[in-house]
Structures are given as structure tokens and as C-alpha cells.
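Engineer: coords below, sequence missing:
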């Protein structure tokens, strides 16, 4: 505190102008999401979200079909019970969403990019309707979905290449029919490293 600093010039200065803003020399910080408490942290607790620079944002998808972009504020409380996915925001990534349309009695699929920039504002990305809900989200470039339907001797299994089933449209689009809705239907994303060798089986 007592340091006088360095002398820039001995002559009087009339004005000071910034010619160019330099980049920060401070590296990004790792960020995690604690699913149990619905909190962000930098203490290696929960799901790792990535390394964040100061301006990086987070994208959250909820079961009610809404998505929300938020900042890195550690004190915010996130609705952990209704989260489908939470990730570091990348506007270049394509979102693949699977949701249930109860009236049509189908699982629906749609692909879109996040075009909105508003923080902490929930925006619906599925068709409105009683009982409709968002089931799954993937941000893989070429997502593959493993599907199982039926019970016992009637079980059918297959893998679907989502990028070939739905074109990229706006988040307002209804999407395309995927498979018929049933409580016995189970789905899971195939890991990205396996995508190269997977073949379509669900014809």
C-alpha cells in the first residue's frame, strides 16, 4: 500500500486513450455442478462442466421443455429435481432433443441451435400440450440413440442416427415423430466414441 509505483513520464498529461484492449493473462477456471444441492462450485463436487473464461455461460434444459442460459454465479440455486441436462454453453453446437407429445402418443425428435442470448429467462423448446415433457438432450454432432420397446418376447431393440432423422430448424419447430410412446420404452445415448462404427438397425 505504501508503494509509490513507477513514474510513467515527468511531463504533464492532458488525456489518456486506450489504443487496444489486451487479453486476460489469467487462465479460465474449472466449474462443477452439484446435482444433490443444485449448486455450482469450483471444488470438484458433482458433474464437471468444463473450464470457463469470465464471459462463458451455462445452458440448462428442464423436463417441462424450457431451457435457460445462466452465468457462473456460485450463489444461484438451480432446480435440480427438474434438470434434463446442464452444460457449458457453446452457440455453435446443435441441440438434439427428444420429447413426448402425449396427444400424438409419440416420442418426438428435433434439432436446433440456441439463438437467444437472454440470461436467466426460460424459453420453451417443445410443443405445448398437457402432459408433454422433455425426455433427453444431446449436444453431440452425430448423436446415436439406443431404443428398446416392448416386453418379453415382443422386445425390439435398435439404434437411431438422429442427424439423419431430423434436420436442423429453429427451437420453435415441432420436430419429427421418432417412435410410438410407451411407458415400457427405454432410451439412452450411445457414447460418442462408438458413433463411428454404429449402424442403423431400427428400420
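Structural biologist: Yes, it's here. What you see is a predicted model; the values in this text were computed from it and never measured. Numbers count the residues shown, from 1 in each chain.
Engineer: Could you use CA atoms for every contact and neighbour count after this?
Structural biologist: Noted.
Engineer: gap between the two ends of stretch 102-115?
Structural biologist: 27 Å (Cα to Cα, to the nearest Å).
Engineer: Report the contact partners of residue 179.
Structural biologist: 106-108 (Cα atoms under 8 Å, 6 or more residues apart in numbering).
Engineer: What are the buried residues along the host helix or strand of it?
Structural biologist: Following DSSP states H and E, one finds residue 179 within strand 176-180. Using 16 or more other Cα atoms under 10 Å as the test for burial, strand 176-180 gives 176-178.
Engineer: Nearest to residue 60 among the contacts of residue 179?
Structural biologist: Each of the contacts of residue 179 was scored against residue 60 by Cα to Cα, and residue 108 proved nearest at 19.7 Å.
Engineer: Let's see the pLDDT reported for the nearest residue to that closest one once chain neighbours are set aside.
Structural biologist: Take residue 108 and drop its neighbours on the chain: the residue closest to it by Cα to Cα, 6 or more residues apart in numbering is residue 177, 4.6 Å away. Predicted confidence (pLDDT) for residue 177: 97.
Engineer: residues in contact with residue 177?
Structural biologist: When contacts are counted by Cα under 8 Å, 6+ apart, residue 177 is found next to 106-109.
Engineer: Assess the claim that residue 120 and residue 66 are in contact.
Structural biologist: No - counting by Cα atoms under 8 Å, residue 120 sits too far from residue 66 to count as a contact (11.3 Å).
Engineer: higher neighbour count, those two?
Structural biologist: Using other Cα atoms under 10 Å as the criterion, residue 120 and residue 66 rank with residue 66 on top: 18 against 13.
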